[in-house]
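S.K.: got a predicted structure here, sequence first:
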Amino acid sequence: MDGIRVLIADDNQIDRMVLSRIVRNQGYEVFEAENGALAVAAFEEFHPDIVLMDVMMPVMDGREAARRIKANAGEDFVPVIFLTSLTDAQSLADCLESGGDDFLSKPYNHIILQAKINSFHRMSEMHRTLQSQRDTIAANNEHLVNEQRVAKAVFDNVAHAGCLSAPNIRYMLSPLAVFNGDVLLAARNPAGGMYLLLGDFTGHGLPAAIGAMPMAEIFYGMTAKGFALRDILREINLKLKGILPVGFFCCAVVVELSFDRQSMSVWMGGVPDCYLLRNSGDFEVLTSRNLPLGVLSNEKFKDEMTEYPAAAGDRLFVWSDGIQEARNPDGDMFGEARLRAVFEQATQPDQVFDNIQQALTDFLQGSGNDDDTTLLEVKMVEENELEEVKLQLASGPVSGPIDWEMCYELGVASLKNFNPLPLMIHVMMEVPGLRVKGGQLYTVMAELFSNAFEHGVLGLRSDMKATADGFMQYYKLREERLAALEEGYVRIHMRHRGDGRSGTLSVMVEDSGPGFDYQAMMAKRKGDNQYSGRGLPLVMDICESLEYSGIGNKVEAVIRWPGNTEGRD
């Protein structure tokens, strides 16, 4: 207890001297004050550990002095022991109310006095220890929060690298912690459509967001390379199954918008019911029929998507379970019924998103969320309304091959089960100068391969797609002939020449079919509002040259860069 500093404030000189002698004899350092005002001044000058304060003093009484000393001490604990001859309970209670921590009745008992000084000194030491631990925890927490902010910035740059700002998308993300356990991804694909994914990982905060990084990387990378959404979905499930611990998974809804076919294809796994709101005001309820991502093995996983016709103005609303499970101050959940009521009472489809937010805000009455909440609205529009929404190119090396040539042949088994377009696009994207033409290259490759496979190998007629009914019949016949296919091939030959600043890519596609009347096809223009025959004129606009040879089963397209990049890139 050596080094304890004691301030004694008493206007009675004899009492002050007696008490000072007792305290000094006990081994403590003593400072004296004759009234409350001098006691406050002495506290500011000497910073004592304990104050022994008389209640009744001139200039400033002990109660006011105690209040000021406590205020000046701030967060530090400085015990104030009142010296008093008062005996009534109310007066003693007033002493404690003014900031005193204890009182000592006159005349003084030196044994009790020493015990109280020692006891309060231990309390002060404990208080300082708690303050130090609190400050250490606060500093560590601030360091952790700063690290999470940096990590979140990286996370957002990866997870939100797509086209969430597209004019046909509205969304609300409300994380419970710094990191959001819900993930929202959107990207244009090279074919001109749009892919979207809303995922809800188990839990919230950083542990829940960990899986979003590989999910986003797979989603954006494979989309840019032209993979079908079903392939992307299967790859994400395989990845999450491999990295997430048992009991962790991702409930998800995945949507493909096909603007040329005016349709929405939807896959739902473990998410709440979604609503497809028609521009007329009618709505359909879409129900999840699959387990969440990361639960099933690749062999058991089902990637079938349900296709819904969607006219311009139709809207799909999806959300995480944080919406329905939001609780008001009484503990009631928002629930499915309140959400459905918003759609039943809606008179203007373009206001439903705002109506959902308002209904949720009114219900919560200011109470905080207890889970991540995400709301997404995606609207079917005409493709020309998204001309400014560019495709995010797949990442690749800064430098790449300049002079190269390759030949790739697909036999019957590959034609039945494999889509070569992503692989071909990936090879092309290794040339840095071709990356700005990613969408154009996909259009060229898709059209030439489709013609070779469907018209050449399978012998399907393009004019079947002249009507909407014929379009459906075309794909039915395609499935039948593909199942019965026993021989045939498609051969793809690519050659690139360049000097690093410019180059020329030649793509030659040959099939085993009897050929077709390509001259009649090439005579049609893409603006004739027909279902079929529009692909070749579009390819001709992109390429420097497009030449068929033989009976039409061999075609060569030449693309030069740099050049016109105003196409669908």
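M.R.: Structure received. Numbering: from 1, shown residues only.
S.K.: any idea which helix or strand in the chain has the lowest mean pLDDT?
M.R.: helix 518-523 (a mean of 64; mean pLDDT, DSSP states H and E).
S.K.: after that one, which helix or strand is next?
M.R.: helix 535-542 (DSSP states H and E).
S.K.: check which helices and strands that following helix sits against.
M.R.: For helix 535-542, the packing partners by 3 or more CB pairs under 8 Å, 6 or more residues apart in numbering; DSSP states H and E come out as helix 438-450, helix 518-523, strand 545-549. Where C-beta positions appear, they are placed from N, C-alpha and C, glycine not excepted.
S.K.: among those, show me which one is buried the most.
M.R.: Comparing those by mean neighbour count (mean count of other CB atoms under 10 Å), helix 438-450 ranks first with a mean of 23.
S.K.: list the helices and strands the helix or strand just after that one packs on?
M.R.: Next helix or strand after helix 438-450 toward the C-terminus (DSSP H and E): helix 468-484. Applying 3+ CB pairs under 8 Å, 6+ apart, we find helix 468-484 packed against helix 412-417.
S.K.: show me what the helix it packs on is packed up against.
M.R.: helix 468-484.
S.K.: hmm, back to that, which of the helices and strands packed on helix 535-542 has the lowest average pLDDT?
M.R.: Mean pLDDT across those is lowest at helix 518-523; the value there is a mean of 64.
S.K.: and the helices and strands packed on helix 535-542 as a markdown table, adding distance to D273?
M.R.: Below are the helices and strands packed on helix 535-542 laid out as a markdown table (distance: least, CB to CB, whole Å):
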| stretch | distance to D273 |
| --- | --- |
| helix 438-450 | 34 |
| helix 518-523 | 45 |
| strand 545-549 | 48 |
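S.K.: how about the ones you listed, which one is nearest V412?
M.R.: helix 438-450 (15.5 Å; CB to CB).
S.K.: give me every residue that touches T84.
M.R.: D54, V55, M56, S91, L92, C95, F103, L104, S105, K106 (CB atoms under 8 Å, 6 or more residues apart in numbering).
S.K.: list just the nearest of the residues you listed to D182.
M.R.: Nearest member of the contacts of T84 to D182, counting by CB to CB, is C95, at 56.3 Å.
S.K.: the closest one: which element?
M.R.: Here C95 is assigned to helix 89-97, by DSSP H and E.
S.K.: which parts of that helix are buried?
M.R.: Residues of helix 89-97 classed as buried by neighbour count (16 or more other CB atoms under 10 Å): L92, C95.
S.K.: go on, stretch 349-363?
M.R.: P349, V352, F353, N355, I356, Q357, A359, L360, F363.
S.K.: out of the residues you listed, name the ones that lie in helices.
M.R.: V352, F353, N355, I356, Q357, A359, L360, F363 (DSSP state H).
S.K.: make TSV out of these and add pLDDT.
M.R.: Shown next, in TSV, are these (pLDDT from 0 to 100):
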residue	pLDDT
V352	94
F353	95
N355	94
I356	93
Q357	91
A359	92
L360	90
F363	90
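S.K.: any chance of the residues you listed in JSON lines, plus distance to F317?
M.R.: Formatted as JSON lines, these follow (distance: CB to CB, whole Å):
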{"residue": "V352", "distance to F317": "7"}
{"residue": "F353", "distance to F317": "7"}
{"residue": "N355", "distance to F317": "11"}
{"residue": "I356", "distance to F317": "8"}
{"residue": "Q357", "distance to F317": "12"}
{"residue": "A359", "distance to F317": "13"}
{"residue": "L360", "distance to F317": "13"}
{"residue": "F363", "distance to F317": "17"}
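S.K.: domain parsing for this structure?
M.R.: The record's domain split for the chain, according to automatic domain parsing, is 5-130, 160-386, 404-561.
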